[in-house]
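> Attaching a predicted model along with its sequence, questions to come.
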Protein chains: 2
Amino acid sequence: MTESTAKWVQSGADPENACPVAPVVDIVFSRWTTPILWALHEYGRQRFVELERRIATITPKVLTQRLRQLERDGLVVRTYYPEVPPRVEYEISELGRSLAPLFAALAEWSVHLGEVERARVEYDSREPGRGR
Amino acid sequence: MTESTAKWVQSGADPENACPVAPVVDIVFSRWTTPILWALHEYGRQRFVELERRIATITPKVLTQRLRQLERDGLVVRTYYPEVPPRVEYEISELGRSLAPLFAALAEWSVHLGEVERARVEYDSREPGRGR
DNA sequence: GGTAGTAGGTACCTAGAGGAAAGTAATGGC
DNA sequence: GCCATTACTTTCCTCTAGGTACCTACTACC
């Protein structure tokens, strides 16, 4: 995935669909990245355990994986303090902050969630006996 | 996923993170939905095989699954013509079209893909021997 | 000596998403 | 009679993301 994403970035033509937003989705909306970025955006610079507690259902293994990925992509900055009990702090990078309008657009669209819910209810009610 | 999403929509408080954009991500950016919506947005109303050929690497089974999901969520409209060889046409619904600014924001952000690539190269080069 | 606390790493395992391939109904064309 | 076409469905299989549980180093504190 990392490899193929790199290819898309370079060639601009991915094999799957020629959909220009796919690489962005790959980077920003892979699993767990949204809550992590949101937590860092909302509550600022914080330590590993704080993130762990805030997200609650994430396991330390996966949190580490996602943070490494976000750090590699330049969206998050990790600072290590080699103290007595080790301390690490994470914060959003400037590149990460450039995602703000994107997240704002997402938040705005959430006004349509009610319509989605209504569509689902209606779909489920007329379900048995459609054209096939 | 469907069930828990419904809960979030109703309660407004998901167990995972209290991140308000999570339900939207769940609906709009689950796997394959981006290329499908993009294809329908770019090339308009089209048939199953057209979508299949356009996306190329998707299997019919998965394409059917995703289209059903998008139809249920009210983002796509399916029209069935009970003809001799059956014909089905898909198009974006009005609700689906309301995603346009969101996709525009995504496309805009893709100008930062170069920075991501640079961050990755740098991370991979300084890799061995960081603070841990 | 035992325990707590931080920030993970590691080994093992499972569930579920997704892929491959074949089947299906209905009919027109050769 | 046989093949092609459409829009799937079904069965089987694989693969990997993610979960569980335990381990690590280092020191302070009791």
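Received the coordinates, thanks. Computed from a predicted structure; not experimentally measured.
> Around DNA strand D, which positions in chain A sit nearby?
With Cβ under 7 Å from any atom of the strand as the criterion, chain A meets DNA strand D at residues A:1, A:30-32, A:57-62, A:65, A:84-86, A:132. All C-beta spots, glycine's among them, are computed from the backbone N, C-alpha and C.
> Run through the helices of chain A in chain order.
Listed in chain order, the helices of chain A (DSSP state H) span A:2-11, A:22-28, A:33-43, A:48-55, A:60-72, A:94-97, A:100-109, A:113-126.
> what's the most buried one of those helices?
The highest mean neighbour count among the helices of chain A, using mean count of other Cβ atoms under 10 Å in any protein chain shown, belongs to helix A:22-28: a mean of 22.
> ok, back up a step: which of the residues of chain A next to DNA strand D scores worst on pLDDT?
The member of those with the lowest pLDDT is A:M1, at 39.
> on that earlier part again, got TSV for the helices of chain A, with distance to B:F48 too?
Compiled in TSV, the helices of chain A are given as follows (distance: least, Cβ to Cβ, whole Å):
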stretch	distance to B:F48
helix A:2-11	26
helix A:22-28	21
helix A:33-43	31
helix A:48-55	39
helix A:60-72	35
helix A:94-97	39
helix A:100-109	27
helix A:113-126	19
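> Excluding sequence neighbours, find me the nearest residue to the residue in chain A that DNA strand D sits nearest to.
Going by Cβ to the nearest atom of the strand, DNA strand D is nearest to A:R31 of chain A, at 3.0 Å. Spatially, and ignoring its direct neighbours in sequence, A:R31 is nearest to A:R66 (7.8 Å; Cβ to Cβ, 6 or more residues apart in numbering or on different chains).
> Would you mind confirming that the one you found is in contact with A:P35?
No. Look at A:R66 against A:P35 with Cβ atoms under 8 Å: they stay out of range, at 9.3 Å.
> Spit out the residues that contact the two alike.
A:I58 (Cβ atoms under 8 Å, 6 or more residues apart in numbering or on different chains).
> Run through chain A and note the low-pLDDT ranges.
Regions of chain A meeting the criterion pLDDT under 70 cover residues A:1-18, A:127-132.
> list the contacts for A:E89?
With Cβ under 8 Å, 6+ apart, A:E89 has these contacts: A:45-47, A:78-79, A:81.
> From A:Q46, how far off is the nearest residue to it once chain neighbours are set aside?
In this structure, A:E89 finds its nearest non-sequential neighbour in A:T79, 4.8 Å apart by Cβ to Cβ, 6+ apart. Distance, A:T79 to A:Q46, by Cβ to Cβ, to the nearest Å: 11 Å.
> what's the answer for A:A39, then?
Per Cβ to Cβ, A:A39 is found 8 Å from A:Q46.
> likewise A:R66?
According to Cβ to Cβ, A:R66 and A:Q46 sit 15 Å apart.
> A:P85 now?
Applying Cβ to Cβ, the value for A:P85 to A:Q46 is 16 Å.
> and those two? which has more neighbours close in?
Neighbours were counted for A:P85 and for A:Q46 using other Cβ atoms under 10 Å in any protein chain shown; A:Q46 has more, 16 against 5.
> Just list the residues touching that one, thanks.
A:39-40, A:54, A:89-91.
> hmm, try it at 7 Å
Neighbouring residues of A:Q46 by Cβ atoms under 7 Å, 6 or more residues apart in numbering or on different chains: A:89-90.
> Can you tell me who it pairs with across the strands?
When bridges are called by DSSP bridges, A:Q46 pairs up with A:Y90.
> Please report how far it lies from B:V77.
As for A:Q46, its distance to B:V77 is 44 Å (criterion: Cβ to Cβ).
> Equivalent analysis for A:I27, please.
In terms of Cβ to Cβ, A:I27 sits 31 Å off from B:V77.
> do A:A119 as well
In this view, A:A119 and B:V77 are 10 Å apart by Cβ to Cβ.
> shouldn't A:P60 be in contact with A:E52?
Yes. At 6.2 Å, A:P60 and A:E52 qualify as touching, with contact defined as Cβ atoms under 7 Å.
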